[in-house]
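Asker: Let's see this in three dimensions:
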Amino acid sequence: MPGGRLTQQERQHIALGLADCLAYAEIARRLDRPTSTVTREVMRNGGPTAYRSDLAHRATERRAHRRRPAAPGGSEAPSEAHGRDAEAVREYEELLTTVFMQSGLPKMTARVLVCLYTTDAGSLTASVLAQRLQVSPASISKAITFLESQGLVRRERDDRRREHYIVDDDVMYQSTMASARATAHLSETARQGAGILGPGTPAATRLDNIARFLDFISESIARAADRARDILHTKLEMTSQLESSR
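Answerer: Numbering: from 1, shown residues only. Predicted coordinates for the structure are as follows:
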C-alpha cells in the first residue's frame with residue numbers, strides 16, 4: 001500500500017470518483033489507500049460536492065509549507081512525547097477532526113475538542129489551545145462555550161485563577177446523560193403535538209410513534225451510561241488496589 005502524501009494524479013482520481021458518485025471506500029480501494037485518507041482529503045477540501053483536485057493540491061502544499069517554519073537559532077523542533085511518530089499523530093488528529101465535523105461539529109470546535117482529547121493531561125488552558133491551534137483566544141472561547149453547552153468539556157480554575165478546560169470520564173458520562181435528557185425532551189414535545197393534532201389522526205399517530213421511539217432511546221442511553229460508569233469505575237478501583245498491594 002503506498003504511503004506518503006496524495007499525489008496530484010491521485011487527487012484527480014478522487015475527483016473523478018466523486019463525480020461518478022462512488023463511495024469513499026471504493027475510491028480508496030482503486031487508489032490502494034486507506035478509506036480514512038480519502039475521507040479526510042475530501043472533507044478538508046470542500047466536501048464531496050465542492051471538491052476540486054487542483055485546489056486541494058495547492059491547499060495541501062500551502063499547509064505543508066506553513067508546518068515547516070525555520071527553527072530559530074538553529075534549534076531543532078521538539079520531539080513528540082513518549083516516542084510517538086509526530087506525523088502519525090498529526091494525521092490521526094486530522095482524521096478525528098474530520099469525524100467530529102461529519103457528526104455536526106463546526107471545524108474550529110472539532111479542532112479544539114481533538115486537541116483536548118489527544119493531550120495526555122486531558123486539560124489545557126485557553127492560551128495553550130490558542131498557541132497550539134494558531135488561532136485567536138476569541139475563537140477558542142467560542143468553541144469552548146459550545147462544547148460546554150453540550151457537556152463535552154468542563155472548566156476548573158487553578159491556584160492562579162487560570163481556567164483549565166477538561167475532558168475526562170465524568171465529562172463523557174455527563175455529556176451522554178445530557179444527550180439522553182435532550183432526547184427525552186424531544187419525545188415529550190412530540191407527545192404534546194400528538195395531543196394538539198387530535199388522537200387518531202395521521203399526523204398525531206406519527207408524532208406518537210416518534211415519542212414512543214425516543215422514549216425507548218433516551219431510557220436506553222441513560223441506563224447504558226449508568227451501567228458503563230459503574231463497571232468502569234469498579235475496574236479502575238480494583239486496578240488501583242492491585243497496584244498498591246504490589
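
Asker: Could you use CA atoms for every contact and neighbour count after this?
Answerer: OK.

Asker: And the next helix or strand past the one helix or strand in the chain whose mean pLDDT sits lowest?
Answerer: Using mean pLDDT, DSSP states H and E, helix 53-66 stands out as the lowest-scoring helix or strand of the chain, at a mean of 76. Next in sequence after helix 53-66, counting helices and strands by DSSP states H and E, comes helix 86-102.

Asker: which residue packs closest to residue 176, ignoring adjacent ones?
Answerer: With sequence-adjacent residues excluded and distances taken as C-alpha to C-alpha, 6 or more residues apart in numbering, residue 176 is closest to residue 225, at 6.8 Å.

Asker: again with residue 152
Answerer: residue 175 (5.5 Å).

Asker: so who does the one you found touch?
Answerer: 150-152 (C-alpha atoms under 8 Å, 6 or more residues apart in numbering).

Asker: Can you mark which positions in the strand or helix carrying it are buried?
Answerer: Using DSSP H and E, residue 175 sits in helix 169-197. Neighbour-count burial for helix 169-197 flags 171-181, 183-188, 190-191, 193-194 (criterion: 16 or more other C-alpha atoms under 10 Å).

Asker: and if you look at stretch 120-131?
Answerer: Neighbour counts using 16+ other C-alpha under 10 Å place 123-126, 129-130 of stretch 120-131 among the buried residues.

Asker: could the residues you listed be laid out in TSV, adding secondary structure, distance to residue 111 and pLDDT?
Answerer: Conversion of the buried residues of stretch 120-131 to TSV gives the following (DSSP: H, G, I helix; E, B strand; the rest coil; distance: C-alpha to C-alpha, whole Å; pLDDT from 0 to 100):
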residue	secondary structure	distance to residue 111	pLDDT
123	strand	15	91
124	strand	13	93
125	strand	15	92
126	helix	13	91
129	helix	10	93
130	helix	11	93
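
Asker: Could you tell me how far the residue nearest to residue 150 when sequence neighbours are not counted is located from residue 88?
Answerer: In space, and not counting its chain neighbours, residue 150 is closest to residue 175: 6.3 Å by C-alpha to C-alpha, 6+ apart. Separation of residue 175 from residue 88 (C-alpha to C-alpha, to the nearest Å): 29 Å.

Asker: what does residue 16 give?
Answerer: Distance of residue 16 to residue 88, given as C-alpha to C-alpha: 28 Å.

Asker: before we move on, what about residue 183?
Answerer: 37 Å.

Asker: Now the residue of the chain positioned farthest from its centre. Its backbone dihedrals?
Answerer: Centroid-distance maximum for the chain: residue 200 at 42.1 Å, with C-alpha atoms, centre = their mean. Taking degrees, to the nearest 10, you get phi 90, psi -10 for the backbone angles of residue 200.

Asker: re earlier: what residues does the least confident helix or strand of the chain touch?
Answerer: Contacts of helix 53-66 (C-alpha under 8 Å, 6+ apart): 7-8, 11-12, 14-15, 41, 45.

Asker: What are the buried residues along that helix?
Answerer: Going by 16+ other C-alpha under 10 Å, helix 53-66 has these buried residues: 53, 56-57, 60.

Asker: And those residues, which is closest to residue 22?
Answerer: If you rank the buried residues of helix 53-66 by distance to residue 22 using C-alpha to C-alpha, residue 53 comes first, at 15.8 Å.

Asker: which residues does the most centrally placed residue in the chain contact?
Answerer: The residue lying closest to the centre of the chain (C-alpha atoms, centre = their mean) is residue 100, at 3.0 Å. Residues near residue 100 by C-alpha under 8 Å, 6+ apart: residue 110.
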